[in-house]
Structure formats: structure tokens, C-alpha cells
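Visitor: Build the 3D model from these lines:
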Amino acid sequence: MSDMAPFPDDTADLRHDIIETARALPRLGLTKGTSGNVSARTKSGFLVTPSGTPYEDLTADRIVALDFEGRYRGDTLPSSEWRMHLDFYLAKPSCGAVVHCHSPRATALSCHRRGIPAFHYMVALAGGDRIECADYASFGTRALSDAMTAALGERNACLLANHGQIAGGPNLKKALSIAEGVEDLADQYLSSLVLGEPVILDAEEMADILNKFKSYGKQTDELEDGQAAAFELPKRVD
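Guide: Residues are numbered from 1 along each chain as shown. Model (predicted):
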């Protein structure tokens, strides 16, 4: 791939952070073995974990660089799901990192082709009033990538039928946090189904929740210009 331009922000630090995020997946119970993959955007494309390599064996030189045309550099093959990562970035310019995993509860729901409705307001963490489940397609295919993109819509996470889940965020820490949140919600939803169908929050309430999420978890210096907290704050005294 000698005709490819250099990747100016393909840094050792970013490669290290990808490895640490990948190693966090089994520690957090989000995957086992070599299933799942992690990537981070660069100016010219993205870096992604390699195919079939145990996370404990990952080294910086084995993290694979691809451009936005799907071309890779080096002698190591990228993850078989590289296309999902590529299309996630192309569909969402603000996305800086993607985590794909076979977390047990989200995968269980996906095997029933069942998404996660607004049984709990925290489904808003994915950016919508529910978390959809993408149509089934074989792993590593363009069809799966297309199904993922359709299920995501404006959201930043979805389930993948008979497969697992995928989540994106502005950085690796946030993408991993969203993947964790999706798994927690899947666990809670499955538990609630033991008693029957749970009460679903209505569209008006979820619209209000989504508005609140624009400032949820942010300190005042993190709020964008003109953006105020959408919920009641205590009075500050100096």
C-alpha cells in the first residue's frame, strides 16, 4: 500500500489506548476469547484491532491502519468486521471510536431479533428512544454493515441479530461506556420480561429525556455555548 498517504495522527498513544480498550472487554464481561473488535478514527481513516489475535497478545505494531477507502497498511490483516467500523465512521463524522462485542445479554436479545424499547430512560444513552436490532446478515459482509447502518439511524449503538452489539462515541472511553450501558440495559430488560412486558415510557417523555441528555453528566465548563442543564440544579453558594 505504498501509494497511501501517511497517517499524521496514527500515534503510539492511540494504538496503546485501543489495546487497553480491547483488553477491557473480557474484564468487563463484554466478550470472551477473540470475539469483538475495537477501532479509533484518525485524520486519514482509522486504526482497528487485527483478526483472530488474543487481546493479551496485542502489540502496537499489530494494530492495523486503514483509510476511508478500506485499504490497509502492513502485513497484518484487520478485523473481519473492518467494514462495519468503516461505515460507522462514514455515517457519523463526529464518531471517534467504535466498540463491537458479543456481550451475553445483548447477544441473547439479538438472537430473538429483539431491540431494547424505552422500558428505562437510560436507553437514551444510545441517542434515541429505543435501541434497535439490525436485520441478520453474515459476519464480515457488506450486508451486515448495511443492516447496522439502517438500525443505527441517528443513534450511536444497536444490536446485531444473532450476533452481538456495536457502539460508537467521540472517543474510546465513551464508546466503551456506551457498550457497557447497552449490556446493562439488555440485562435489566431481560430481567423485567420475567414478570411480563414492562411499561414503556411514551414518546413525549423520551423526547424530554433526550433533551436532558444533551447536558447530562457534564460540568458547566463542558456545556456548549448557549446550552444549559435541562434539569433542576441546586443553588450554588460561595
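Visitor: tell me the mean pLDDT for the longest helix along the chain?
Guide: Using DSSP state H, we find that the single longest helix of the chain is helix 172-193. Taken as a whole, helix 172-193 has an average pLDDT of 98.
Visitor: which parts of the next helix or strand after it are buried?
Guide: Following helix 172-193 in sequence order, the next helix or strand is helix 203-212 (DSSP states H and E). Across helix 203-212, burial judged by 16 or more other C-beta atoms under 10 Å covers 206, 209-210. Bear in mind the C-beta positions are built from the backbone N, C-alpha and C, glycine included.
Visitor: ok, so of those, who is nearest residue 97?
Guide: Residue 97 lies nearest to residue 210 out of the buried residues of helix 203-212, by C-beta to C-beta, at 21.9 Å.
Visitor: Based on its surroundings, how many neighbours for the closest residue in space to that closest one that isn't next to it in sequence?
Guide: Using C-beta to C-beta, 6 or more residues apart in numbering and skipping residues adjacent in sequence, the residue nearest residue 210 is residue 124, 5.2 Å away. Counted with other C-beta atoms under 10 Å, residues neighbouring residue 124 total 24.
Visitor: now swap in residue 76 and tell me
Guide: 15.
Visitor: Sticking with the most centrally placed residue in the chain, tell me its helix or strand.
Guide: Central residue of the chain (C-alpha atoms, centre = their mean): residue 167, 1.2 Å from the mean position. Take DSSP H and E as the rule and residue 167 turns out to sit in strand 164-169.
Visitor: Next, the angle helix 172-193 makes with that strand.
Guide: Counting by axes from the mean of the first three to the mean of the last three C-alpha atoms, to 10 degrees, strand 164-169 lies at 140 degrees to helix 172-193.
Visitor: Surely residue 131 and residue 182 touch.
Guide: Yes. Residue 131 is within contact range of residue 182, at 6.3 Å (criterion: C-beta atoms under 8 Å).
Visitor: Could you pull out the helices in the protein for me?
Guide: Per DSSP H, the chain carries helices over the ranges 12-27, 82-91, 104-110, 142-152, 172-193, 203-212.
Visitor: Return the set of buried residues in the first one.
Guide: Neighbour counts using 16+ other C-beta under 10 Å place 14-15, 17-19, 21-22, 24-26 of helix 12-27 among the buried residues.
Visitor: would TSV of those with pLDDT be doable?
Guide: Listed next are the buried residues of helix 12-27 as TSV, based on pLDDT from 0 to 100:
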residue	pLDDT
14	95
15	95
17	97
18	97
19	97
21	98
22	97
24	97
25	97
26	96
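Visitor: Between those residues, which sits nearest residue 161?
Guide: Nearest member of the buried residues of helix 12-27 to residue 161, counting by C-beta to C-beta, is residue 25, at 20.5 Å.
Visitor: what pLDDT does the closest residue to that closest one other than its chain neighbours get?
Guide: Nearest non-adjacent residue to residue 25, counting by C-beta to C-beta, 6+ apart: residue 31, 4.4 Å away. With respect to pLDDT, residue 31 has a value of 94.
Visitor: is it true that residue 31 touches residue 99?
Guide: No. Residue 31 sits out of contact with residue 99 when judged by C-beta under 8 Å, with a separation of 9.5 Å.
Visitor: ok, now which ones touch the residue nearest to residue 210?
Guide: 206, 209-210, 213 (C-beta atoms under 8 Å, 6 or more residues apart in numbering).
Visitor: cool, residue 76 as well?
Guide: Contacts for residue 76 (C-beta under 8 Å, 6+ apart) come out as 50, 61-62, 64.
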